[in-house]
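1. Quick one, fold the following:
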Amino acid sequence: MTRFPPLLLLWTLLLSACGGGEKNSASPGVDPVGGGAGQTLMLTLPVVGLTPADLAVVVAEGDALSESVGAAYLAARGIPATNLVRVRVNTASDVISATDFALLKADIDAKLPAGAQATLLTWAAPSRVVGTCTMGITSAMAFGFDTRFCNPNSAANQCVSTAVSPLYDSEEHRPQADLQLRPSMLLGARTLAGALALINRGVAADATSPAGDGWLVRTSDIDRSVRWADFSSLPGAWSGALTLNYVDNSAGPVAGDSLSDKGNVLFYLTGLASVANLGSIRFRPGALADALTSSGGVLPTGGGQMPITAWLDAGATASYGTVEEPCNIQQKFARASVLIDQYWRGATAIEAYWKAVQWPGQGLFVGEPLAQPFRDSPSFAIVDGEYRIKTRTLRPGARYSLEYLQGAVWTVLATFTGVRGQVIDGRAPLPPASATSIRWRGPCATNLASTCTLAQSS
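-> Residues are numbered from 1 along each chain as shown. Predicted coordinates for the structure are as follows:
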């Protein structure tokens, strides 16, 4: 018999009892020894993030830039040719009327492949839809032009709530299939060189698992810095997983409102009408950046403020801004805590941004939609006579369980709790030989208070 030093023996016993220290607890009375059918039951854990086959690329027929960008994007991302949709749209105008947009959307919808879960618009203009109020064209593509999502053209009604996006902070990964809603993004480039550089940054970001840096800046612009309370706790909350920095420049001077000469930047979220020194910022591939201000989404000029495409020109991969006066209502802008969490858990740029904005109707999403720096490949295997489960996709604080079916009764094998910034590498005993199925349970996609079956053995 092998003899262990006392401390090593105690540590070995503790690891054995706790499943290696992972966040799980096995149900008592389950004998993992055996060789019956139940001992070989397997399942495939859910994968987070849209794939190239999920994205439809919409091209303005006859527009040389749009046609070239569409072709380049299909090639770079390996998107099926059947996912390319050509439509007639007036790219000489920055806006499109609600009436004309309704016809355009109907044409696009009729041509979309059945499995398309999201869309990329490859033209530079139009970027907003104007009726009795104004919507970003990406939000109008998702919801249709609907005045519940924007403000009537009356000064008295500007600072009001709008309709909520069902995607906000959800666990939804098949939005069209489940919600009949396709999130959309505008590539946002006005030159082919700019488009190719942006596409290349998105592709280069994939599966790189960067550690940071993120910069969350409270500026001396009080009205535009209302997100600071969400910013301030994030460096500590993500310690050990991401390098996030909170800068409080609320007392000034104005010169300290903008970062300068920073490298390795993955997130840059702030509140300013115009952000200085962007030429000195070195963004990582896949970087997300935006500023809370009124008209950043009013392309191409920003309505006198900095347009959101300036972030892309500086090297960011995706951004977001509003196209009509939103006031400084936080729900109309990206919530940093949600944006960072969704991205880190494997969402693509389009999903992370869409899930971070609660009231996105007045907003415009721009960038390379499939950038996925934290792409996850969950694994479920039998190792040394037990299940080993490895994934980064668990929602922080949410409970997940692995269960087996015996007769008509489901029994828990192990439970797991998502922890912010931690990849779960857990263990669970094998089910009894008489088990006929296993399943993975967790929060439902759009009803987080309920539990749903996320995967089950065949």
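2. what's near enough to touch the most centrally placed residue in the chain?
-> Note on the chain: the residue nearest the mean C-alpha position is residue 352, at 1.5 Å, using CA atoms, centre = their mean. Going by CB atoms under 8 Å, 6 or more residues apart in numbering, residue 352 touches 288, 339, 342, 343. Quick note: C-beta positions are derived from backbone N, CA and C, even for glycine.
3. That one: helix or strand, and which one exactly?
-> Per DSSP states H and E: residue 352 is located in helix 349-356.
4. Export that helix to CSV, keeping only CA atoms.
-> What follows is helix 349-356, C-alpha atoms only, in CSV (Å, rounded to 0.1, in the frame of the first residue of the first chain):
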residue,chain,number,x,y,z
ALA,A,349,-19.7,41.1,-30.5
ILE,A,350,-23.2,41.4,-31.9
GLU,A,351,-24.7,39.3,-29.2
ALA,A,352,-22.7,40.9,-26.3
TYR,A,353,-23.7,44.5,-27.5
TRP,A,354,-27.3,43.6,-28.1
LYS,A,355,-27.7,41.9,-24.8
ALA,A,356,-26.1,44.9,-23.0
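5. Please enumerate the strands of the stretch 201-350 of the chain.
-> Using DSSP state E, counting those that start in this stretch, the strands of the stretch 201-350 of the chain run over residues 212-218, 243-248, 265-270, 283-291, 318-322.
6. taking those strands together, which one is wrapped up most tightly?
-> Comparing the strands of the stretch 201-350 of the chain by mean neighbour count (mean count of other CB atoms under 10 Å), strand 318-322 comes out on top with a mean of 30.
7. could you give the mean pLDDT of it?
-> For strand 318-322, mean pLDDT is 98.
8. again with stretch 174-189
-> pLDDT averaged over stretch 174-189 gives 96.
9. shaky segments in the chain?
-> By pLDDT under 70, the weakly predicted segments of the chain are 1-38, 153-158.
10. could you redo the last one with a cut-off of 80?
-> 1-39, 152-158, 458 (pLDDT under 80).
11. Tell me how the chain divides into domains.
-> The chain resolves into domains spanning 21-47+376-456, 52-367 when parsed by automatic domain parsing.
12. For residue 175, see how far away the residue nearest to the centre of the chain is.
-> 13 Å (CB to CB, to the nearest Å).
13. With residue 256 instead?
-> For residue 256 relative to residue 175 (CB to CB), the value is 40 Å.
14. Looking at the two, which has the bigger crowd around it?
-> residue 175 (25 against 15; other CB atoms under 10 Å).
15. got the contact list for that one?
-> 117, 118, 167, 181, 182, 183.
16. Quick check: closest non-adjacent residue to the fifth one.
-> Nearest residue to residue 182 in three dimensions, chain neighbours excluded: residue 176, at 4.9 Å (CB to CB, 6 or more residues apart in numbering).
17. Check which residues of the helix or strand that neighbour falls within are buried.
-> Per DSSP H and E, residue 176 falls inside helix 175-179. Neighbour counts over helix 175-179 (16 or more other CB atoms under 10 Å) mark 175, 176, 179 as buried.
18. Out of these, which comes closest to residue 376?
-> residue 175 (18.6 Å; CB to CB).
19. Check the gap between residue 395 and residue 401 for me.
-> For residue 395 relative to residue 401 (CB to CB), the value is 14 Å.
20. ditto for residue 220
-> With CB to CB as the criterion, residue 220 and residue 401 are 49 Å apart.
21. same thing with residue 73?
-> 40 Å.
22. For the spatially closest residue to residue 228 that is not a sequence neighbour, give me its contacts.
-> Leaving aside its sequence neighbours, residue 228 sits nearest to residue 218 (CB to CB, 6+ apart; 3.8 Å). By CB under 8 Å, 6+ apart, the contact set of residue 218 is 225, 228, 231, 232, 246, 247, 248, 249, 250, 271.
23. related to what we said a few turns ago, redo the strands of the stretch 201-350 of the chain as TSV? Include distance to residue 49.
-> Listed next are the strands of the stretch 201-350 of the chain as TSV, based on distance: least, CB to CB, whole Å:
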stretch	distance to residue 49
strand 212-218	20
strand 243-248	22
strand 265-270	17
strand 283-291	12
strand 318-322	14
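24. Just tell me which of those ends up closest to residue 108.
-> Among those, strand 318-322 sits nearest to residue 108 (CB to CB), with 21.4 Å.
25. Give me the contacts around the closest one.
-> With contacts defined as CB under 8 Å, 6+ apart, strand 318-322 is touched by 136, 185, 188, 288-291, 293-298, 302, 307-309, 311-312, 332-334, 349-350, 353, 357, 362-369, 371.
26. Among these, which ones are in helices?
-> 309, 311, 312, 349, 350, 353 (DSSP state H).
27. Which among those residues count as buried?
-> 309, 311, 312, 349, 350, 353.
28. from those residues, which two are the most distant?
-> Of all pairs in these, the most separated under CB to CB is 309 and 350 at 16.3 Å.
29. isn't residue 385 right next to residue 430, touching?
-> Yes - counting by CB atoms under 8 Å, residue 385 touches residue 430, with 6.8 Å between them.
30. out of those two, which sits in the more crowded spot?
-> residue 430 (24 against 11).
31. Residue 126: helix or strand, and which one exactly?
-> Going by DSSP H and E, residue 126 is not in any helix or strand.
32. count of residues packed around it?
-> Residue 126, neighbours per other CB under 10 Å, totals 24.
33. One more: residue 448?
-> 15.
34. what's the spacing between it and residue 275?
-> 34 Å.
35. same thing with residue 378?
-> For residue 378 relative to residue 275 (CB to CB), the value is 37 Å.
36. can you give me the offset of the helix or strand containing residue 75 from its chain's centre?
-> Assigned by DSSP H and E, residue 75 falls within helix 64-77. Centre-to-centre, helix 64-77 and its host chain are 23 Å apart (CA atoms, centre = their mean, to the nearest Å).
37. residues making contact with it?
-> Under CB under 8 Å, 6+ apart, the answer for helix 64-77 is 52, 55, 57-61, 79, 81, 83-84, 91, 120, 122-124, 187, 189-192, 195-196, 199-200, 203, 370.
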